[in-house]
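# with the input below, show me the fold.
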Amino acid sequence: MFKQIDFEQSKLKDIRINSDYPMNKLRCFSGAWYHKVVTSRKKWLGIETVITLPEFIPDETRKENTILAGEEIMRFLDTPSVYLGSSSDYENDIGFGFFHGKIDGELTKEKITFRPFWRNIYIENGKEVNTYRGSNIDDTEYYFFPGDKVKVSLICLKEEYLTFKISLLQQTNIEPYASIRKKLQLPKDFCVENILAPGNGIRDTEYKIVNAIDQYHNEGKPTQMTRARAINCIFHNSYLFIEKEKELLKVPFFKQENQVLCCPDERGFLIKEDDEAKVVSIIPEKSVNL
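Coordinates of the predicted model:
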């Protein structure tokens, strides 16, 4: 297998690598508004992208009271997420969810920050295990905010495991988030190694980029209309890694064979793209106001 330094120094090739067989047509999964780009299955060894995290505008009519850390708080029924993922034997979702945080040791009343999470599926003692983990709410050096520009990588450094890394490249100037960060610990790089991902590095694997407005209590149910918006999520310079003739290559993600899903209704999305960036805004109301 290749080492971290090999990924950092890999040669960029502006090429398209053809699939060995046609992609199966994907279908929408109910319960969320989401934009998803999925590659064909090849022996991909990782993905790297620079992301500007989106700004979230909630629907003030869709909210509920819930308990967090022993406190009753209000939360909106819609919540944004941005993540990468792979699927060889099982699906993995790894990226950012929008969460409550702590300022001066006090739990915030509203969600304020994108915090890293990783969800992976594997077999243990003959049973399928579906785990969800995330950064600790007290680790404010790993708080990321709408408008932050971050470099994110998900790479296979050893067979059947993934390494997840985030580096902050440019801090947001969107308020109140810019002011919130001044009250927190200085930002640090985030890294999680040895995320179990059966089949990665051994068998053909698909990779994906997703941004979404998820909906509480609604997974697998009809997606609800909402006035919530997640705007200006930007994917800059997105790449895939693959071995060719014992050399690790880096190739443009969006130039490879892929399928794009805008679910449940493509009219609820505003997408602008060029060779180096894709800007995605999720605006569900557009689907009924055209």
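
# for this protein, longest strand please?
Longest strand of the chain, by residue count under DSSP state E: strand 229-244.

# against which helices or strands is it packed?
strand 44-52, strand 55-57, strand 206-215, strand 247-252, strand 277-282 (3 or more CB pairs under 8 Å, 6 or more residues apart in numbering; DSSP states H and E). Glycine gets a C-beta too; all of them are placed from N, C-alpha and C.

# as TSV, those strands with distance to residue 171 would be great.
Shown next, in TSV, are the helices and strands packed on strand 229-244 (distance: least, CB to CB, whole Å):
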stretch	distance to residue 171
strand 44-52	11
strand 55-57	14
strand 206-215	20
strand 247-252	26
strand 277-282	19
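
# closest to residue 129 out of those strands?
Ranking the helices and strands packed on strand 229-244 by proximity to residue 129 (CB to CB) places strand 206-215 first, at 21.0 Å.

# next, give phi and psi for residue 268.
For residue 268, the backbone dihedrals (degrees, to the nearest 10) come out as phi -90, psi 20.

# that one and residue 227, how far apart?
Applying CB to CB, to the nearest Å, the value for residue 268 to residue 227 is 11 Å.

# please identify every residue contacting each of those two.
Shared contacts of residue 268 and residue 227 (CB atoms under 8 Å, 6 or more residues apart in numbering): 284, 285.

# the more surrounded of these two?
Of the pair residue 268 and residue 227, residue 268 is the one with more neighbours under other CB atoms under 10 Å, namely 25 against 14.

# grab the nearest non-local neighbour of that one.
With CB to CB, 6 or more residues apart in numbering as the measure, residue 287 is the residue that lies nearest to residue 268, at 3.9 Å, once sequence neighbours are left out.

# tell me, how many residues neighbour that neighbour?
With other CB under 10 Å as criterion, residue 287 counts 16.

# buried residues of the longest strand of the chain, list them for me.
229-235, 238-243 (16 or more other CB atoms under 10 Å).

# next, the angle from that strand to strand 277-282.
Orientation note: strand 229-244 sits at an angle of 140 degrees relative to strand 277-282 (axes from the mean of the first three to the mean of the last three CA atoms, to 10 degrees).

# helices of the chain, residue ranges please.
Under the criterion DSSP state H, the chain contains helices at 4-8, 177-181, 286-289.

# of those helices, which approaches residue 46 most closely?
Of the helices of the chain, nearest to residue 46 by CB to CB is helix 4-8, at 6.5 Å.

# in the chain, which residue is most central in space?
Most central in the chain under CA atoms, centre = their mean is residue 83, positioned 0.6 Å from the mean C-alpha point.

# my guess is residue 16 meets residue 255, correct?
Yes - using CB atoms under 8 Å, residue 16 is in contact with residue 255, at 5.2 Å.
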